[in-house]
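# Test case, fold it:
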Amino acid sequence: MTATHKLAVGIGMIISILSVSTYAQSAGTELNHFAAEWISFDYPSGYSVTEESTPETQQFVIKRKGTSVRLTIVVTQRAVLRNELPAAIENFTEPLLKQVAVTLGSSKSSSERTSFQTQIGTKQAEGVRLRSTRSETKTGEVIWVRWKLRLIALVFVRADADKSVGAELWQTVSSSLRVEAPVLTAAATGTEPTQNDKIEGGVLNGKALALPQPAYPRLARAAHVSGTVMVQVLIDEQGNVSAAHAVDGHPLLQSVCVAAAREAKFSPTLLEGEPVRVTGVIQYNFISR
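A predicted model of the protein is given here:
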């Protein structure tokens, strides 16, 4: 082996060791997972998550003590339909932009404002970046997207000195963010789902593709127990029953009805062409003989 060859091999080994070390450091970053109702995301260890929700939005603030980095996730509680979208986006983002301007120590009009696009989860998102004309030490961004019928915004503020720290947080959260569609109330057979605050929906028996019937419990039959059992169900975006509980009916009949309801299958429910989750009730009738 020539001296030149030995030198090349040695340099190659050093580069390989450094590459493995760098990869191990990156891959070894400890991540925490956060999930609440219909939103979830990962974030690096060392950060805290606090909830600041309102009746209109669910809101979570991610920050790290000792740094200026602050990432706020804001998600509308209700579905936003296409005909509402232009006004909804303006009403949703403008207050956030004003808040960012205040944080930067300037008014929105006196800040440098740049539009851009980026990725949130699997979606292409729109964004506005603000930098104060009085100081170049901080940057604030408001990034939004309509995803599964909800409006989602990420408000990202950090000092230039914390740029690398903020970049890790942004990459982790934006790539792992997941949301679920709103839960809509199923109405009668053949009608569109609606948005309201009721927990009860229409009777779903006629919408089922498969509706297994519960066995008549031996003890209930012996006691001549009869009547109707109502089971409230939550149907996911694929048409499967993801949750079920009895809301009415004789206690001796409820458990078999809940078990049967969990095995029911429905066609996915679409709103403006997008699958949504639906709540409603399945009705079971027992006749004593």
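# so who does the residue positioned nearest the centre of the chain touch?
Central residue of the chain (Cα atoms, centre = their mean): Val179, 1.9 Å from the mean position. Counting by Cβ atoms under 8 Å, 6 or more residues apart in numbering, Val179 touches 38-39, 75, 121, 147-148, 150, 152. Any C-beta I mention is one placed from the backbone N, CA and C, and that applies to glycine too.
# If we use 6 Å, what do you get?
39, 147-148 (Cβ atoms under 6 Å, 6 or more residues apart in numbering).
# Switch those residues over to TSV; also include distance to Gly202, pLDDT and neighbour count.
TSV is the format used below for the contacts of Val179 (distance: Cβ to Cβ, whole Å; pLDDT from 0 to 100; neighbours: other Cβ atoms under 10 Å):
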residue	distance to Gly202	pLDDT	neighbour count
Ile39	27	93	17
Trp147	27	93	19
Lys148	23	91	20
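# Closest one to His245 out of these, please.
Ile39 (23.1 Å; Cβ to Cβ).
# ok, now how distant is the closest one from Ile235?
20 Å (Cβ to Cβ, to the nearest Å).
# so where is the protein shaky, pLDDT-wise?
Applying pLDDT under 70 to the chain flags the ranges 1-28, 106-111, 133-136, 187-201.
# quick one, domains of it?
Per the record, the chain has its domains at 31-179, 184-286, by automatic domain parsing.
# For the stretch 51-200 of the chain, which segments count as helices?
85-104, 163-176 (DSSP state H, counting those that start in this stretch).
# could those go into CSV alongside mean neighbour count?
Converted to CSV, the helices of the stretch 51-200 of the chain look like this (neighbours: other Cβ atoms under 10 Å):
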stretch, mean neighbour count
helix 85-104, 16
helix 163-176, 16
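# export these to TSV and tack on distance to Arg131?
Converted to TSV, the helices of the stretch 51-200 of the chain look like this (distance: least, Cβ to Cβ, whole Å):
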stretch	distance to Arg131
helix 85-104	7
helix 163-176	13
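# Minimum distance to Asn32: which of those has it?
Going by Cβ to Cβ, the one of these nearest Asn32 is helix 163-176, 9.5 Å.
# if we look at stretch 139-156, which residues are touching it?
Under Cβ under 6 Å, 6+ apart, the answer for stretch 139-156 is 71-76, 79-80, 92-93, 96-97, 100, 104, 118, 120, 123, 125-131, 157, 179, 181-182, 274.
# do that again at 7 Å, thanks
Residues outside stretch 139-156 that contact it (Cβ atoms under 7 Å, 6 or more residues apart in numbering) are 71-76, 79-80, 85, 88-89, 92-93, 96-97, 100, 103-104, 118, 120-121, 123, 125-131, 157-158, 170, 174, 179-182, 271, 274, 276.
# Over to stretch 34-45?
By Cβ under 7 Å, 6+ apart, stretch 34-45 touches 29-33, 49, 58, 62, 75, 168-169, 172-173, 176-180.
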